[in-house]
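1. For reference, the sequence and a predicted model appear below.
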Amino acid sequence: MMDSIYTVGQVNRYIKNMFDQDYLLKTISVKGEVSNCKYHTSGHIYFSIKDQTGVMQAVMFAGNRKGLNFQMEEGQTVIVTGSISVYERDGKYQMYARKIELEGTGLLYQRYEQLKQELEEMGLFSPMYKKKIPTYAMKIGICTAETGAAIQDIITVSKRRNPYVQLVLYPCLVQGAGAAPDIVRGIQYLDRLGLDVIIVGRGGGSIEDLWAFNEKIVAQAIFNCNTPIISAVGHETDVTIADFVADQRAATPSAAAELANFEYDGFQEKCNQAKQLLQRQFKNRLELIREKCKNLESRLERYSPGHQLLSKKQRLADFEIQLEREMKTILERKKAIVPDCRKELENSYMAIYQKRTQRLAILSEQLNGLSPLKKISKGFAYVEDEAGKPVTTIGQLQVDSEVSMIMKDGRIQAKVLEIEGEEIYGKE
């Protein structure tokens, strides 16, 4: 008879505690080949690592996947770092991975970090050198392998977004010993064509597969390129030196095609909307100008000589009518007072006539008194010299001078025989 009987769970828990208390198993790195790899919808990765002598179950939870920069595939040789414990429900031990690296990744990653730091210090990553990707690119260069998913994805997306875009492919190696120089030649060739933008990249792969895009010569070629460059290397988690130097990074080749190509249908719609807006604005502006022209035309017509003359004529006609009306009113008013004033006016005229008649009689009498004819009628004569001037003194005449004497009833022509002064008559 046995002393104690344990349940399965108790045994599994005991074994689990033994594993958890083992310091070596808390952090351990195991090298092996990936097998039965499954990506769960929850984000966890379930897989096995094996070698020629055995197999070990492993799991990497979603929370530890941040450091995983490659897609796990069957047959890859990896180094898994984590802890080993027992899964109580199944009574099986497994490895809980915290970090997974491809074999040889450590050395490459060190070289990657060193070159990244060097180029960053040189300023190749500085935003001030980044060129703007054109919004409406019509000629796009592509530097990638002529076969594979990358070029097909770029073509498919480009034609979908803009069926009129021109794609220029420079087929080059994207992995292997001669890949980096070939990529450099491709960038330099495409840069000389005067394109709008260049896509440089390839599909996903291991760090070894992507290493050509971590080479210094490729980084310098991208930096020295005059044409804006979009890098599209690997999957979203893959980040290369080319991504840091490029003017813009795309997570995948398809994403790069999305960035490089504008959506033609949307562009056409915007153009139509802009056209309609422009037409409306032009129509409104035209109507405004027409209205302004009408106002100016009306003002010009008002100030034109013809209009001014017509206006003056109209005013003159109005004044004439008004004057006639006022004259008629005044005449009617005057007619009303004429009968009352006529007698007074006649009396005034009569009084003036009598006064002037009397004055005229007085002046006539005075004139008659001064008339030479009246004096002549009394026995006097009017004497003129040869020049017709009146003779009023003997000093005007000489002996033998001819004179005319006008009498009451005629004229006498005489000749001076002798001249005597007043001393002959004596003085009173």
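-> Structure's in. What do you need?
2. going forward, measure contacts between C-alpha atoms and count neighbours the same way
-> Will do.
3. Now do the same for the most centrally placed residue in the chain: helix, strand or coil?
-> The central residue of the chain, meaning the one whose C-alpha is nearest the mean C-alpha position (Cα atoms, centre = their mean), is Leu278 at 13.3 Å. Reducing the assignment at Leu278 to three states with DSSP: H, G, I helix; E, B strand; the rest coil gives helix.
4. can you give me how far the stretch of helix or strand Thr357 belongs to is from the chain middle?
-> For Thr357, the element it lies in under DSSP states H and E is helix 305-370. Here the centre of helix 305-370 is set off from its chain's centre by 78 Å, with Cα atoms, centre = their mean, to the nearest Å.
5. pLDDT averaged over that helix - what is it?
-> Predicted confidence along helix 305-370 averages 77 (mean pLDDT).
6. dump the residue contacts of Leu148.
-> Small correction: residue 148 is Gly, not Leu. Contacts for Gly148 (Cα atoms under 8 Å, 6 or more residues apart in numbering) come out as Gly203.
7. quick one, phi psi at it?
-> Main-chain dihedrals, Gly148, degrees, to the nearest 10: phi 120, psi 170.
8. Look at it and report its pLDDT.
-> Confidence at Gly148, expressed as pLDDT, is 83.
9. Now do stretch 50-68: distance from first to last residue.
-> Its first and final residues considered, stretch 50-68 spans 20 Å by Cα to Cα, to the nearest Å.
10. Mind listing what's buried along it?
-> 50, 56-60, 64-65, 68 (16 or more other Cα atoms under 10 Å).
11. Gln281 versus Glu287, what's the distance?
-> When Cα to Cα is applied, the distance between Glu287 and Gln281 equals 10 Å.
12. got it, and Ile140?
-> When Cα to Cα is applied, the distance between Ile140 and Gln281 equals 36 Å.
13. who has more neighbours, the two?
-> Ile140 (22 against 12; other Cα atoms under 10 Å).
14. Just the element for the more buried one, please.
-> Using DSSP H and E, the secondary-structure element containing Ile140 is strand 139-144.
15. Give me the mean pLDDT for that strand.
-> Summarised as a single mean, pLDDT over strand 139-144 is 96.
16. any idea which helix or strand of the protein has the worst average confidence?
-> Taking mean pLDDT, DSSP states H and E as the measure, the chain has helix 372-376 as its least confident helix or strand, at a mean of 66.
17. where in the stretch 51-200 of the chain is pLDDT low?
-> 104-107, 110 (pLDDT under 70).
18. can you pull out the strands in it?
-> Along the stretch 51-200 of the chain, the segments classed as strands by DSSP state E, counting those that start in this stretch run 55-60, 77-87, 92-102, 139-144, 166-171, 197-202.
19. With respect to Ile28, which of these lies nearest?
-> Proximity to Ile28 (Cα to Cα) singles out strand 77-87 among those, at 5.6 Å.
20. Could you tell me the angle between that closest one and strand 92-102?
-> Using axes from the mean of the first three to the mean of the last three Cα atoms, to 10 degrees, the interaxial angle of strand 77-87 with respect to strand 92-102 works out to 150 degrees.
21. And for strand 77-87, what's in contact with it?
-> Contacts of strand 77-87 from elsewhere in the structure, counted by Cα under 8 Å, 6+ apart, are 12, 15-16, 19-20, 25-34, 92-103.
22. Give me the buried positions along that strand.
-> 77-86.
23. Report the contact partners of Arg359.
-> By Cα under 8 Å, 6+ apart, the contact set of Arg359 is empty.
24. make it 10 Å
-> Residues near Arg359 by Cα atoms under 10 Å, 6 or more residues apart in numbering: 353, 365.
25. same check, this time on Gln354
-> Contacts here follow Cα under 10 Å, 6+ apart; on that basis Gln354 touches Leu360.
26. contact partners of stretch 62-76?
-> Outside stretch 62-76, the residues that touch it by Cα under 10 Å, 6+ apart are 32-45, 47-50, 60, 78, 96-103, 204-207, 234-239.
27. number of nearby residues for the residue lying closest to Pro163 once chain neighbours are set aside?
-> Computed as Cα to Cα, 6 or more residues apart in numbering, the closest residue to Pro163 that is not its neighbour in sequence is Tyr264, at 7.6 Å. For Tyr264, the tally of surrounding residues (other Cα under 10 Å) stands at 17.
28. Is it correct that Tyr264 is in contact with Glu258?
-> No. Counting by Cα atoms under 10 Å, no contact exists between Tyr264 and Glu258, whose distance comes to 11.8 Å.
29. what sits in contact with each of the two?
-> 160-161.
30. Near Met405, how many other residues are there?
-> One way to gauge burial is a neighbour count; for Met405, by other Cα under 10 Å, it gives 17.
31. Likewise for Ala97?
-> Around Ala97 sit 24 other residues, with neighbours defined as other Cα under 10 Å.
32. could you list every residue that touches it?
-> Taking Cα under 10 Å, 6+ apart as the contact definition, Ala97 lies against 27-30, 45-46, 58-61, 64-65, 79-84.
33. give the contact list for the residue nearest to Val78 when sequence neighbours are not counted.
-> In space, not counting the residues next to it along the chain, Val78 is nearest to Leu102; the distance is 4.3 Å by Cα to Cα, 6+ apart. Going by Cα under 10 Å, 6+ apart, Leu102 touches 31-33, 68-70, 72, 76-80, 206-208.
34. swap in Glu263?
-> With contacts taken as Cα under 10 Å, 6+ apart, Glu263 has the following neighbours: 136, 158-163, 269.
35. Can you give me the pLDDT of the residue lying closest to Ala180 once chain neighbours are set aside?
-> If the residues on either side of it in the chain are set aside, Ala180 comes closest to Ala212, at 4.9 Å by Cα to Cα, 6+ apart. According to the predicted model, the pLDDT of Ala212 comes to 92.
36. and if you look at Tyr46?
-> Per-residue confidence for Tyr46 comes out at a pLDDT of 94.
37. Show me the beta-bridge partners of it.
-> When bridges are assigned using DSSP bridges, the partners listed for Tyr46 are Lys38, Val59.
38. again with Met405
-> Each beta-bridge partner of Met405 is listed here, defined by DSSP bridges: Val383, Ile412.
39. Could you double-check that it lies in contact with Asp385?
-> Yes. With contacts defined as Cα under 10 Å, Met405 counts as touching Asp385 at a distance of 9.1 Å.
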